[in-house]
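A.B. asks: Below are the sequence and a predicted model; questions follow.
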Amino acid sequence: MADKTDQPKAQGFARGLTNYGDFDFSLYLRRSFAASMGYLPESLEKPIVGIAYTGSGFNNCHRHFPELLEAVKRGVLAAGALPVDFPTISLGEVYLNPTSLKFRNLMSMDTEEMIRAQPMDAVVLMGGCDKTVPAQLMGAISADVPAIQLIGGPMMTSRYLREEGEEKLGACTDCRRFWAQYRAGTVDGTEIREIERRLATTAGSCAVMGTASTMACIAEALGMALPGTAAIPAVHADRLRAAEASGAAAVRMIANPIRPSEIVTRDSVENALRILLALGGSTNAVIHLTAIAGRAGIEIPLEWFNELSETTPVLVNLKPVGSHYMEDLFAAG
Ligand code: FES
């Protein structure tokens, strides 16, 4: 019989197994099947950082996720753990019928259950498009495994030359603006098709302070994403560095466990509400933040929200309420 004092620690691929020893069949099975993936025995001794991966051919906002995933893995490996990515539902905002919101809770359940069910010591959540960020945060808070979110980052703008001069274009406020002009007859069919090809030209989420960018800033304000990472454009090298740093941070969270339920508190929710108001952020974020806080048992009464809005000025001038883009917020620092 195996000596109980010699039992391996319940981490890595053994996480979640209870009452096991060296001769336990479940452990033996897991080791065998993990070995079939080509890991060296010493790799299997390392703690595991799961990576909730949401790359999808139906999610243009996440088209750079393969490269980001490599950077996260690099950060995890360099910090001494084993990165293991796993797929979850991905919600590409514009392709979902009847509406993406219908699937947010489904994605949160998928994320929660896959974090809980699979053997990981910490998790990096890779999200970006509108509903993916709140869904992952909701799931992670309920699963309550040490977690950090890596935001995909916003798109860059592009340029369009008109008779009146050069226009900056960025999804999706400008989509609506030009569609309205087309319907009014001030932009013709040829021009609208040209504009159509220039509205969204890089990887990343919408280039304005829409729901995706607002939720990215909220994730950071809550303490669930690394400081200073919300506004980095998707295609900027800093975004890759943020990915690598997020992987390394997840490893540190294994050594000094801090769980989402300890991060998402009344104070951090208040910070997030302040940020939402100061940014003139998306009204959808109120719905999402209420759901995220709700997973941590925190209510957001409308009176509280109202009180904060009375004392929080709008500090940025970004579309759709203002005139600039996320790349300008990033440049402003
Ligand atoms: Fe993905 Fe706008 S379509 S953020």
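C.D. replies: Everything's here; your move.
A.B. asks: all contacts plus neighbour counts: C-alpha atoms, from now on.
C.D. replies: Will do.
A.B. asks: any idea of the pLDDT on Ala2?
C.D. replies: At Ala2, the model reports a pLDDT of 43.
A.B. asks: Ser26: how many residues sit nearby?
C.D. replies: 15 (other C-alpha atoms under 10 Å).
A.B. asks: Against Phe33, how distant is it?
C.D. replies: Distance of Ser26 to Phe33, given as C-alpha to C-alpha, to the nearest Å: 11 Å.
A.B. asks: Check Met138 too.
C.D. replies: Using C-alpha to C-alpha, Met138 is found at 31 Å from Phe33.
A.B. asks: Point to the helix or strand of this structure where mean pLDDT is at its lowest.
C.D. replies: In the chain, no helix or strand scores lower on mean pLDDT, DSSP states H and E than helix 25-35, which sits at a mean of 86.
A.B. asks: mind checking how far the helix or strand just after it is from the chain centre?
C.D. replies: The first helix or strand that comes after helix 25-35 along the chain, using DSSP states H and E, is helix 41-44. Centroid separation for helix 41-44 versus its chain: 29 Å, with C-alpha atoms, centre = their mean, to the nearest Å.
A.B. asks: Need the three-state assignment for Leu150.
C.D. replies: Assigned by DSSP: H, G, I helix; E, B strand; the rest coil, the conformation of Leu150 is strand.
A.B. asks: pretty sure it contacts Glu244?
C.D. replies: No - using C-alpha atoms under 8 Å, Leu150 makes no contact with Glu244, being 9.6 Å away.
A.B. asks: Between those two, point out the one with more neighbours.
C.D. replies: Set Leu150 next to Glu244 and count neighbours by other C-alpha under 10 Å: Leu150 wins out with 32 against 24.
A.B. asks: List the contacts of that one.
C.D. replies: Listed by C-alpha atoms under 8 Å, 6 or more residues apart in numbering, the contact partners of Leu150 are 124-127, 225-226, 242-243, 246.
A.B. asks: give me that answer again for 7 Å
C.D. replies: By C-alpha atoms under 7 Å, 6 or more residues apart in numbering, the contact list for Leu150 reads 124-127, 225, 243, 246.
A.B. asks: Could you export the residues you listed to CSV, including columns for neighbour count, distance to the ligand and secondary structure?
C.D. replies: Below are the contacts of Leu150 laid out as CSV (neighbours: other C-alpha atoms under 10 Å; distance: C-alpha to the nearest ligand atom, whole Å; DSSP: H, G, I helix; E, B strand; the rest coil):
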residue, neighbour count, distance to the ligand, secondary structure
Val124, 32, 20, strand
Leu125, 27, 16, strand
Met126, 24, 13, strand
Gly127, 30, 10, strand
Ala225, 24, 18, coil
Ala243, 30, 19, helix
Ser246, 28, 21, helix
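A.B. asks: Adding pLDDT, write those residues out as JSON lines.
C.D. replies: Listed next are these as JSON lines, based on pLDDT from 0 to 100:
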{"residue": "Val124", "pLDDT": "98"}
{"residue": "Leu125", "pLDDT": "99"}
{"residue": "Met126", "pLDDT": "98"}
{"residue": "Gly127", "pLDDT": "98"}
{"residue": "Ala225", "pLDDT": "98"}
{"residue": "Ala243", "pLDDT": "98"}
{"residue": "Ser246", "pLDDT": "98"}
